[in-house]
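Enquirer: Coordinates for the following, if possible.
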Amino acid sequence: MHVAPLGSSTPVQDHVALAEIELCGELIIAASAADGERLSPDRIDEVLKVGAVGVAAEAQSGGAGGCSSRG
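Expert: Numbers count the residues shown, from 1 in each chain. All right, here's what the predicted structure looks like:
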């Protein structure tokens, strides 16, 4: 994490936090479009691009993978 000194006008950027915010946004969009009360674990994996579908997509794109929506 990069932290700017106090009183600095330099914006602080944390790429991990920004990625997490983006993933949360994707989940919110998926949840708002869902018919049921909750997203299924499979649908969550699909949205977050993890599991069998996500691993295959990551392998094709050359990404590191390794994320999990369930812990």
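Enquirer: low-confidence ranges in this protein?
Expert: For the chain, applying pLDDT under 70 flags the ranges 1-12, 52-71.
Enquirer: the helices in it, which residues?
Expert: 15-33, 41-48, 51-61 (DSSP state H).
Enquirer: just the ones you listed: most buried one?
Expert: Across the helices of the chain, averaging neighbours per residue (mean count of other C-beta atoms under 10 Å) puts helix 41-48 on top, at a mean of 16. C-beta here means a position set from N, CA and C on the backbone, and glycine is covered the same way.
Enquirer: That helix relative to helix 15-33, how many degrees between them?
Expert: 130 degrees (axes from the mean of the first three to the mean of the last three C-alpha atoms, to 10 degrees).
Enquirer: and stretch 31-43, how far apart are its ends?
Expert: For stretch 31-43, the first-to-last residue distance is 10 Å (C-alpha to C-alpha, to the nearest Å).
Enquirer: let me redo that: stretch 25-44
Expert: Termini of stretch 25-44 sit 12 Å apart (C-alpha to C-alpha).
Enquirer: i'd like the first residue to be 833 from this point on
Expert: Fine by me, first position is 833 from now on; the one you just mentioned is stretch 857-876.
Enquirer: quick one: Gly883 and Arg875 touch, right?
Expert: No. Between Gly883 and Arg875 there is no contact under C-beta atoms under 8 Å: 10.5 Å.
Enquirer: who's in contact with stretch 858-869?
Expert: Residues outside stretch 858-869 that contact it (C-beta atoms under 8 Å, 6 or more residues apart in numbering) are 870-871, 875-876, 879-880.
Enquirer: ok, so of those residues, who is nearest Leu855?
Expert: Leu855 lies nearest to Leu880 out of the contacts of stretch 858-869, by C-beta to C-beta, at 5.9 Å.
Enquirer: shouldn't that closest one be in contact with Leu855?
Expert: Yes. Counting by C-beta under 8 Å, Leu880 touches Leu855, with 5.9 Å between them.
Enquirer: Can you tell me which of the contacts of stretch 858-869 is nearest Ala849?
Expert: Nearest member of those to Ala849, counting by C-beta to C-beta, is Leu880, at 16.1 Å.
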